[in-house]
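Visitor: heads up, no residue letters with this:
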């Protein structure tokens with residue numbers, strides 16, 4: 001990402017050459033990208049200092065929580081590798097690699113699904129529970145510190161706005177981005 005984002009005036013000047021460029025939208029887009037990059041860097045750094053990758057952390061979080069009627073509760077919920085892959089937004093092959101590594105490190109164990117002998121379920125081990133109990137308080141303190149400049153109302157508004165941006169992302173995937181054909 002750019003260390004120094006372009007000034008609005010620079011984007012305004014650029015829009016004279018590219019009429020499809022909305023300087024305000026471009027500026028917001030770059031700020032969002034920069035913020036997301038910094039957030040990801042924070043998370044990666046914290047997890048790295050605690051000897052775990054983002055992917056492995058995601059699997060442990062998915063196995064540590066469950067959603068019941070729209071509410072997230074804590075509890076140890078075994079899940080199939082396919083379910084974990086879907087929830088994490090990764091391929092089944094990627095999830096297999098993550099589970100293999102977590103199993104090798106003693107954080108998860110695989111067991112046959114009692115309802116379907118062809119399927120396997122992934123369970124957290126006591127070692128993983130202890131690891132997460134030690135990891136999460138510091139992680140959540142830092143997350144809270146990042147969001148502290150926003151009061152509760154502003155946090156709600158940011159969530160509302162980011163939700164709208166995600167709708168815009170879905171819409172943008174259908175926009176024709178091909179270059180105009182020369183006559």
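Guide: Good, I have the coordinates. Keep in mind it's a predicted model, so treat the numbers as computed, not measured. Numbering: from 1, shown residues only.
Visitor: C-alpha from now on. contacts and neighbour counts both.
Guide: Fine.
Visitor: which helices and strands sit right next to the single longest strand found in the chain?
Guide: Scanning the chain for the strand with the most residues, using DSSP state E, yields strand 116-124. Here strand 116-124 touches helix 54-64, helix 81-88, strand 108-113, going by 3 or more Cα pairs under 8 Å, 6 or more residues apart in numbering; DSSP states H and E.
Visitor: Run the chain-centre distance for the host helix or strand of residue 128.
Guide: In this assignment (DSSP states H and E), residue 128 forms part of helix 126-147. Its chain's C-alpha centre and that of helix 126-147 lie 16 Å apart, by Cα atoms, centre = their mean, to the nearest Å.
Visitor: Least confident secondary structure element in this structure?
Guide: Least confident helix or strand, the chain: strand 71-74 with a mean of 49, by mean pLDDT, DSSP states H and E.
Visitor: Now the longest helix anywhere in the chain: buried residues?
Guide: In terms of residue count, the longest helix belonging to the chain (DSSP state H) is helix 23-49. By neighbour count on 16 or more other Cα atoms under 10 Å, the buried set for helix 23-49 is 23, 27, 30, 34, 43, 46-47.
Visitor: and if you look at stretch 9-22?
Guide: Under 16+ other Cα under 10 Å, the buried positions of stretch 9-22 are 11-12.
Visitor: chain center to it, what's the gap?
Guide: With Cα atoms, centre = their mean, you get 31 Å for stretch 9-22.
Visitor: how deep is residue 133 tucked in, by neighbour count?
Guide: 11 (other Cα atoms under 10 Å).
Visitor: In a markdown table, list the helices and strands packed on strand 116-124 along with mean neighbour count, distance to residue 96 and mean pLDDT.
Guide: Output for the helices and strands packed on strand 116-124, formatted as a markdown table (neighbours: other Cα atoms under 10 Å; distance: least, Cα to Cα, whole Å; pLDDT from 0 to 100):
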| stretch | mean neighbour count | distance to residue 96 | mean pLDDT |
| --- | --- | --- | --- |
| helix 54-64 | 18 | 11 | 95 |
| helix 81-88 | 17 | 7 | 95 |
| strand 108-113 | 17 | 11 | 93 |
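Visitor: who wins for proximity to residue 177 among those?
Guide: helix 81-88 (28.5 Å; Cα to Cα).
Visitor: helices or strands up against the helix or strand that the closest one is followed by?
Guide: Heading C-terminal from helix 81-88, the first helix or strand you meet, by DSSP H and E, is helix 92-104. The helices and strands touching helix 92-104, judged by 3+ Cα pairs under 8 Å, 6+ apart, are helix 54-64, helix 81-88, strand 108-113.
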